[in-house]
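A.B. asks: what follows is a predicted structure for the sequence shown.
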Amino acid sequence: MWSVVKSVLAALLGVQNDRQRQQDFSNGKPVAFIITAVVVTMMFVLLLAGIAIYAAG
């Protein structure tokens, strides 16, 4: 599970190398990456919203 989270975060930041990407495509299950990416994106959006609310309030 940690490797999926690490890969999603690296892809989100744009720093994932080609070797890791190839390993993800050959060994990983797409559903795990999709679910993890959705959860990480939602957490990121909520974090930004929380910062905006705190700064405005």
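C.D. replies: Nice, thanks for sending it over. Numbering: from 1, shown residues only.
A.B. asks: okay, residue 43: pLDDT?
C.D. replies: Turning to residue 43, the model gives it a pLDDT of 95.
A.B. asks: run a quick neighbour tally on it.
C.D. replies: 10 (other C-beta atoms under 10 Å). Where C-beta positions appear, they are placed from N, C-alpha and C, glycine not excepted.
A.B. asks: SS state for residue 7?
C.D. replies: With DSSP: H, G, I helix; E, B strand; the rest coil as the basis, residue 7 sits in helix.
A.B. asks: what is the burial count for it?
C.D. replies: 20.
A.B. asks: for the biggest helix by length in the chain, buried residues please.
C.D. replies: Ranked by number of residues, the top helix in the chain under DSSP state H is helix 30-56. For helix 30-56, a neighbour-count test (16 or more other C-beta atoms under 10 Å) marks 32-33, 36-37 as buried.
A.B. asks: now render the residues you listed as JSON lines, adding distance to residue 6 and pLDDT.
C.D. replies: Listed next are the buried residues of helix 30-56 as JSON lines, based on distance: C-beta to C-beta, whole Å; pLDDT from 0 to 100:
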{"residue": "32", "distance to residue 6": "12", "pLDDT": "88"}
{"residue": "33", "distance to residue 6": "11", "pLDDT": "87"}
{"residue": "36", "distance to residue 6": "10", "pLDDT": "91"}
{"residue": "37", "distance to residue 6": "12", "pLDDT": "92"}
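A.B. asks: distance to residue 44 added to the residues you listed, as a markdown table?
C.D. replies: Output for the buried residues of helix 30-56, formatted as a markdown table (distance: C-beta to C-beta, whole Å):
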| residue | distance to residue 44 |
| --- | --- |
| 32 | 18 |
| 33 | 16 |
| 36 | 12 |
| 37 | 10 |
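A.B. asks: how about residues contacting stretch 13-26?
C.D. replies: 7, 10-11, 33 (C-beta atoms under 8 Å, 6 or more residues apart in numbering).
A.B. asks: and these, which two are furthest apart?
C.D. replies: 10 and 33 (11.7 Å; C-beta to C-beta).
A.B. asks: determine the set of other helices and strands touching the longest helix of the chain.
C.D. replies: helix 2-13 (3 or more C-beta pairs under 8 Å, 6 or more residues apart in numbering; DSSP states H and E).
A.B. asks: cool, thanks, talk later.
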